[in-house]
Each structure stands twice: as structure tokens, then as C-alpha cells.
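A.B. asks: coordinates for the following, if possible.
(2 chains)
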Amino acid sequence: MFHYHQFDALVVGAGGAGLMAALHASKSVNTAVISKLYPTRSHTGTAQGGISAALGNLEEDHWEWHAYDTIKGGDFLCDQDAVDIMCREAIDAVIELEHMGLPFDRTPDGKISQRRFGGHTNNLTKKPVMRACHAADRTGHMILQTLYQNCIKNNVRFFDEFQVIDVLIENGRCDGVVAVQLATGDIHVFHSKATLIATGGFGKMWKVTSNAHSLTGDLPAAVLRRGLPLEDMEFFQFHPTGVYKLGILLSEAARGEGAVFINGKGERFMARYMPTLKDLAPRDICSRCIYQEIREGRGVDGKDYVYLDFRPEVINRYFEEDGNPKRIDAHYLETRLPDIIEFARVYQGIDPIKEPVPIQPTAHYAMGGIPTDNDGRVLADETGRVIEGLYAAGEVACVSVHGANRLGTNSLVDLVVFGRRGGKHMAEYCKQAAFRPINKDSAAKDGAAQLDRVRNSNGDERPSTIRKEMQAMMDDNVGVYRTGSGLEEALDKIHELQARYKRIRVEDKGYKWNTDLMEAWELGALLDLAEVTTFAALARTESRGSHYREDYPQRDDANFLKHSLVWKNGSLTVKYKPVRITRIPPQERKY
Amino acid sequence: MKVNLKIKRFDPERDARPHWKQYTVEVEPTDRVLDALHEVKWNQDGTLALRRSCAHGICGSDAMRINGRNMLACKVLIKNIAKEGDTITIEPILGLPVLKDLIVDMEPFFAHYRAVMPYLVNDDPLPPDGRERLQSPEDRARYDDTTKCILCAACTTSCPSFWARGEYVGPAAIVQAHRFIFDSRDQATQQRLEILSAPDGVWRCRTAFNCTEACPRGIQVTKAIGEVKEALRTGVVR
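C.D. replies: Predicted coordinates for the structure are as follows:
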């Protein structure tokens, strides 16, 4: 069955960016939010450690310092005007969240409490600075809950458990989306003046990942099919502290509170690599150092993992060694890091208060995504041509504020700041724009036909087998360390998997809650994004931030101080656009 | 190790009523029940329907009834509930209409949630310096426990009072109300207490403690409900 809806503004995705956009857009225009999950299931809720803003509540700080750290952390691939906007507006955005009711932890004088995080520094002393505003180690959970609560307060319209399968982009303009209602299998055409995509990441192309099962990149894959490019896809962050084998995240907040990495020989090895920031060096660097230790035989028991150690006596010993007068105890850690302590207890059977925790890097965050300008408007090419009525914000977007490597906490900063900017701009746009007529019947029929092709597939390949092979290949060849030959092998393998994907079999032929069908659909999206990621990684013959090419180990500003844009129109093509550098010239990245 | 999963199945397009179906799966003792369900779905029977997302106990998608108790499938390890050759029984949470297999209609649950004004109300002017409202660490700590709620419905759907009468707002909605009633910044306490003193409000709680046992976040749900009752009884929120 087909259904038709009309809203001025549509938001696809109900995590932090989507809800922030919806809250602001719905103040002045008729707005709806579409999500394949209930909004409170969104992955923003799993963010743990904090959201940075230079509030200076506990020590001197400035947004310019935050901006400098972000740009350096991003290995100078960030667009600096966008970073300035983010770090300046972060202060006001965090205050807005508090006013909405977010239960931040408090300083003794009642202000928002702040803690240290990787790569965030006092620019004068170069030492870590307390910039991450936190609510225990469930800051993302509290952001998601608070935004959803405010959406309810403001009667925002939700279409929960509707999965978008196509974006209506034609002639440089977007007129809405096509979605399937999961409970019924019915096709819904949402006609809009403006659409904002805020569907988060797509880390499920890797096996060991912190990402949720739902993070499959349906929307970036849809805009790719509609002829738009994706930006900087070769940059994917591997977070150093995933639970060994499972990939569940143990927040960097642990190291912000004093935890250290320990190798198989009992050494705090980060002090050797990064003498100033040590264990609070940015994530790309920590992940590489972990693998370096493992490669040189200093993993624990010679295996492929090291320890994250946050036993109080260990933390205090290194505080003393570092000249930090602070001392902590078990109760302090249980209060500041309750969730990640529980993760270790539940999933590893290890009590982190008493034993060190085995960890390995885990695929975590897409720095790349749908290219946008500073107001969230989606860009069609390297010249900056805007797709009218199409916006993106949060992890799915590439503004680019994270460059080649995101600093911890900045994902939450990104989604509140650019979710808000996108929502506001979209509302203003809707006030002066008119609905353009669409052929709703053909949009619905086309959407239904696309889904039915997958539903009716009766081949001999299991989607789960293809997914498993893709994930293993991405872990092996498109991970922390990359080589030209490994990437070529990966690309060949992905092409083989794409061919086999055409011969899959979907067992469930029904319409209501057909999760078999939707998982197969999502696999198609992941394969396309894996292909683009690998292609972009192959084309970038330098090492920068999270993208490390063993065959090209140096950063190459002369040739690669630029963003990639990859199109997939039949075959893949890559073009580049310059990085916007305003205040801070690229320099060697040392910590 | 090998375990059997006995799963309650229902396909609204084919079945008149639910039925049990058994699968044998090879799993690691440290696997989650969710991994075992995926083993079925991905390698044996693609038609099995369930909700899941984060897979580590935070998003609240996969509450289900496992061996007769409400749990998150992603937060219980096989070795903690079964030995080699054992059978694990898995069915949808009770008290909400089943849509397909392990998926229930969450709408009645969220309707109760929305009914208790689950948002901060404070109409005072914002601080003139443009900064945050102040709150002491002690005031913040007062409602910490109930901020952990992930709306998974494990508590509400384990409650005999809710099974008996679906109009009862249920433990999860009371937990949400508690989170604001005891927040020193909030000003809608009286309205929330009025809502919760209605016939289908907090007094339907018979202190069975099922909710506290079911909560995957370790929230002291019965205690929170007791504190709301106490506030109603005495007219004092503390």
C-alpha cells in the first residue's frame, strides 16, 4: 500500500543531530522526523565520555584553543572556518543543553563539570585541559534523552521505525524521501521543501566495531545512487580502546581520569611515543602505537591486544610520576565511569578496579560523509554547488570539522552545533521556498520495486556470509594500517561480493517486520560504502590522521592537502577540493 | 558449546496464533544471547524477527523474556544461563501486543511515558550571564539513579500490576517522572504528582519488586516508586 505525506521540513535520523535540527526547525515550520529506530535507540546514546566546550569552569580555556586542538588533531585536513564555528558555538550549545534539562555532573560551585580528553590541551603549556563536559560516562545517553524529551515537550511529529530507501533528488534539488514502514511494509512518500539527513555512521562494514547493528549507511548510499559524491571516505577512525574481540567502546574518559595503556612487558608505552600527552594523545596515534607494540611482539602474551589499566593504584602511581597531585580511589572511578566498568564486568568477566582490561582498536567513526557547507547544505561537487533543499548534519555529514582524525568529544559537539545550524537554515529556506510538484505515484512504485527486487531474490548466497566476508576483508586490509596492494585486493574482493550480492536469497517474503529483507537491503548499502572507502584510500598515496599507508608513510601536503570526493556513476571517479585554511598553517604534528 | 533455543514465533501474515520453534546453535560460552539469536537468523532461519541495535545494553531495543525473566538479549551471556545442551526459552516481553516473533508494539509503553511530562519544566528567566543554571553536586546526585533509564520496557512488562491492567502507567513512566520530580531545577512537580495520583498512577504498584530485578541498568525502580508515593503521601519532595 502507498501513503503520501507533505511536510515543509523532513529530518531523517533521530540521534543528536536529527533531534537538534528538528527542535529548531519545528519552531517555525511544519516538521517531521523519520527514523528506522525509536529515537531513544539512536547511537548518540552510546557516546560516553563528554562533549567539549571551552567553558573554562575548572581552569583557563578558550574556544580558539579548542579550535587549534581540533585542527591539529585532524592533521590539518579540517576546514578551519567550520572548526571556528563549531568551537565558538559549542559553548552556547552546551549551555542550551543544560537549559533543556541535561543533567551534567557539577563542580563544587554548581557549574557544569569538565574532564580531560585526548588531544584537548592548554595551548600555552601543551598539557591536557579539562574541557569535556560530562554526565558520568553516559553523556551521549543524556544528550539523546534530553533532546527527545524536548521534542515531546514541543510536540515534534515522529515517524518511528520507518526506514528511508530513497532520496528524491533530481535536477539539483531534493523534494523528499521514500520510506518503508517496518511494521506494515507499506511504502510512504514524504514530500518536502527541505530534507536533512542525520543518520549517523556506517561502521558495520568492519567486523570489530563500536557501531550499532543499525549503522549501515542507508542514506549516504542512497545519495550516492542519486549521483552525489561522498567526501573524505578514506578517513575512518579506529578508536584505541575497544573491548578485545567485541569492539564495544571503553571511553577515552577512562584515560581522561588517569588510565594508561600497558603492553605485554608491563610498560606504559605511550610515554615513549608521545612524551607530552602520553596516553591522552589523539586516537589515530594511540591506535597505531598499539599495533606497533603488537607487531614488535609486545602484545599481552604475544597476542594481538594490550591492556587498558585503570586500577586506582596504577592511576595514582602514574599521577605521581607525572607530577599530578591528584589521587583517586575505587569509589571515584565507580562514580565517574560506571558504565564502562560494568561493560568490562559483563562482557569480559573482568573487574577493572582489580585487573587490567584487554583492549584492541575498534572501527568507530566516519570523518567523511555527505559533503556540506557550514549551514548543513549538501554540496554536489568540487565547486561547492548546492543541492537545493538537501541538508546533512552529524556523523553522516562531512563539513569538514574533523579532517583526517576526530578528537574525542567532538562528535557530540559537531551534532549539536551543526544539527542546530542545519535545522535553523532549513526552516528559513522553507519559509521562502515552494513545494515543487512531484510524481508521487511513480516515486512510490519505484521504491516498492526496488525493495521487491531484494525481497524476491532467490539465489544461492546468504547475505550474512557476504557481510561476514566483507567485514573480515575490511578489518584486514582497510584498517589502521593500509598498503596499496592490500587495498587493491580489498577492492577486488568487494567487487566479487557485489557480484555475489546480486545472487542472494531472502527467506522472508512477507511485508510486516521483514527484517530479513531490510538486513539484505542494508548490506547493499554497506558494500557500496566499503567500495567507495577503499577506492578513496587507494587514491590517497600519503599518510594523514587515521589514514596510514605503509607504502607512503609521510604526510604529503604538496599533493594531498585536499579533500577527496568520490562518485559512483557506473564506475568510480575521484576528484579533490582544497582545504580551507584560515588561521593555522599546517605544521608537523607532535604531542 | 551447543545450546538449544526454544523461541516463541508468530508471523502475523501466516499464523493464527504463536507457536514454539526449537533451534540448536553452536556458540561460545561468552557469547551473548543476542549472538545466539543472530546465529539462528543469519545461518538457519532468516524469517526470525527481533529488534536490536547497539548490542551492549545501552539502546534498549532487545528486551525479551529469557527463561521466564526479562533481560536484554545483548546483556546476558550464554554461560550465565545455560550449560552445554541446555535449552534457553525466549519469548517476547509480556503485556504488549505481539507484532511478529520477538517484536511487540511499543506504542502503549511510550504513551505512558509521554503522559508523565518527561521533560524539564522551568519557566524562570535564564541566567542573565548567558551561562548554565547552577545545581549543587548533592542536588544532582539526588536523581542520578533514574537518569540511567533507557526505556527498554523490561521493568514495566515484568510488572504483575501492568499485566493485569495495561492502563497502569507502569514503573518506567514513574522512573521518568521521578527523574524530574527530584531535579532541583524543575517546577512541574505538582502537575506530575497529580498525574501519578490518578487511579492508574503510582498506587497501582503493589511493590512486587519485579521491576527492580528486571532493570538491566540496575536502577532501584521500586525505591524510586516508593519515593514518589512518599512525596504524594506527605506533600514533601526530598
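
A.B. asks: and A:Met100, how many neighbours?
C.D. replies: A:Met100 is flanked by 17 other residues according to other C-beta atoms under 10 Å in any protein chain shown. C-betas here are computed from N, CA, C, even on glycine.

A.B. asks: I figured it hits A:Cys151, correct?
C.D. replies: No - the pair A:Met100 / A:Cys151 is not scored as a contact, 10.3 Å apart, by C-beta atoms under 8 Å.

A.B. asks: helix, strand, or coil at residue 40?
C.D. replies: Reading this off chain A. Three-state assignment for A:Thr40 (DSSP: H, G, I helix; E, B strand; the rest coil): helix.

A.B. asks: residue of chain B closest to chain A, please.
C.D. replies: B:Leu120 (2.9 Å; C-beta to the nearest C-beta).

A.B. asks: where does that residue sit: helix, strand or coil?
C.D. replies: Assignment for B:Leu120 (three-state DSSP): coil.

A.B. asks: grab the nearest non-local neighbour of it.
C.D. replies: Excluding the flanking residues, the one nearest B:Leu120 by C-beta to C-beta, 6 or more residues apart in numbering or on different chains is A:Gly101, at 2.9 Å.

A.B. asks: for that neighbour, what are its contacts?
C.D. replies: A:Thr146, A:Gln149, A:Asn150, B:Tyr119, B:Leu120, B:Asn122, B:Phe180, B:Asp183, B:Arg185, B:Asp186 (C-beta atoms under 8 Å, 6 or more residues apart in numbering or on different chains).

A.B. asks: neighbours of the closest residue to B:Asp124 other than its chain neighbours, how many?
C.D. replies: Leaving aside its chain neighbours, B:Asp124 sits nearest to B:Gln187 (7.6 Å; criterion: C-beta to C-beta, 6+ apart). Neighbours of B:Gln187 under the rule other C-beta under 10 Å: 13.

A.B. asks: in this structure B:Gln187 contacts B:Arg133, no?
C.D. replies: No - using C-beta under 8 Å, B:Gln187 is not in contact with B:Arg133; the gap is 11.7 Å.

A.B. asks: still on that earlier bit, just the pLDDT at the residue of chain B closest to chain A, thanks.
C.D. replies: pLDDT, B:Leu120: 98.

A.B. asks: burial of it, as a residue count?
C.D. replies: Using other C-beta under 10 Å, B:Leu120 has 23 other residues around it.

A.B. asks: determine the three-state secondary structure at the residue nearest to B:Asp124.
C.D. replies: Strictly by three-state DSSP, B:Gln187 counts as coil.

A.B. asks: tell me the contacts of it?
C.D. replies: With C-beta under 8 Å, 6+ apart, B:Gln187 has these contacts: B:Val121, B:Asn122, B:Asp123, B:Asp124.

A.B. asks: what's the closest of the residues you listed to A:Val129?
C.D. replies: B:Asn122 (30.8 Å; C-beta to C-beta).

A.B. asks: what is the burial count for that closest one?
C.D. replies: So B:Asn122, with other C-beta under 10 Å, has 15 neighbours.

A.B. asks: can I assume A:Val192 sits in a helix?
C.D. replies: Just to correct that, residue A:192 is Ser rather than Val. No - A:Ser192: not assigned to a helix; according to three-state DSSP it is strand.

A.B. asks: pLDDT score for it?
C.D. replies: pLDDT, read off for A:Ser192, is 98.

A.B. asks: what sits against it?
C.D. replies: A:Ser192 neighbours (C-beta under 8 Å, 6+ apart): A:Gln6, A:Phe7, A:Asp8, A:Ala9, A:Leu10, A:Cys174, A:Asp175, A:Gly176, A:Val177, A:Gly389, A:Phe435.

A.B. asks: can you tell me which of these are buried?
C.D. replies: Buried subset of those (neighbour count, 16 or more other C-beta atoms under 10 Å in any protein chain shown): A:Gln6, A:Phe7, A:Asp8, A:Ala9, A:Leu10, A:Cys174, A:Asp175, A:Gly176, A:Val177, A:Gly389.

A.B. asks: quick one: what helix or strand has the fourth one in it?
C.D. replies: Take DSSP states H and E as the rule and A:Ala9 turns out to sit in strand A:2-12.

A.B. asks: contacting residues around A:Pro463?
C.D. replies: Contacts for A:Pro463 (C-beta under 8 Å, 6+ apart) come out as A:Tyr501, A:Ile504, A:Val506, A:Glu519, A:Ala520, A:Leu523.

A.B. asks: change it to 6 Å
C.D. replies: Going by C-beta atoms under 6 Å, 6 or more residues apart in numbering or on different chains, A:Pro463 touches A:Ile504, A:Ala520, A:Leu523.

A.B. asks: the helix or strand that the strand holding A:Ala9 is followed by packs against which elements?
C.D. replies: Beyond strand A:2-12 in the direction of the C-terminus, DSSP H and E gives the next helix or strand as helix A:16-25. The helices and strands touching helix A:16-25, judged by 3 or more C-beta pairs under 6 Å, 6 or more residues apart in numbering or on different chains; DSSP states H and E, are strand A:2-12, strand A:31-35, helix A:139-153, helix A:410-432.

A.B. asks: A:Lys126: which of those is closest?
C.D. replies: Among these, the nearest to A:Lys126 by C-beta to C-beta is helix A:410-432 (19.0 Å).

A.B. asks: residues from chain A in reach of chain B?
C.D. replies: Applying C-beta under 6 Å from any C-beta of the partner chain, we find that chain A lies next to chain B at A:37, A:40-41, A:45-46, A:95, A:98-99, A:101, A:103, A:106, A:110, A:112, A:149-150, A:152-153, A:212-214, A:248, A:464, A:507-508, A:510, A:512-513, A:515-516.

A.B. asks: and the residue nearest the centre of chain B, what helix or strand is that in?
C.D. replies: The centre of chain B sits closest to B:Ala153, judged by C-alpha atoms, centre = their mean, with a distance of 2.4 Å. Assigned by DSSP H and E, B:Ala153 belongs to no helix or strand.

A.B. asks: any idea how far the residue lying closest to it once chain neighbours are set aside lies from B:Thr156?
C.D. replies: Using C-beta to C-beta, 6+ apart and skipping the chain neighbours, the partner closest in space to B:Ala153 is B:Phe109 (4.9 Å). In this structure, B:Phe109 and B:Thr156 are 6 Å apart, going by C-beta to C-beta, to the nearest Å.

A.B. asks: tally up the residues packed near residue 27, please.
C.D. replies: Here I'm looking at chain A. 12.

A.B. asks: that's the wrong chain, I wanted chain B
C.D. replies: 19.

A.B. asks: so who does it touch?
C.D. replies: Counting by C-beta under 6 Å, 6+ apart, B:Val27 has contacts B:Ala36, B:Ile78.

A.B. asks: let's go with 8 Å and repeat that
C.D. replies: B:Val27 neighbours (C-beta under 8 Å, 6+ apart): B:Met1, B:Lys2, B:Val3, B:Asp35, B:Ala36, B:Glu39, B:Ile78.

A.B. asks: mark which of those are part of strands, please.
C.D. replies: Members of those lying in strands (criterion: DSSP state E): B:Lys2, B:Val3.

A.B. asks: what pLDDT does the model give residue 184?
C.D. replies: Reading this off chain A. For A:Thr184, the model assigns a pLDDT of 98.

A.B. asks: if you could check chain B rather than the one you did, that'd help
C.D. replies: pLDDT, B:Ser184: 97.

A.B. asks: same check, this time on the one 10 residues further on
C.D. replies: Model confidence at B:Glu194, given as pLDDT, is 97.
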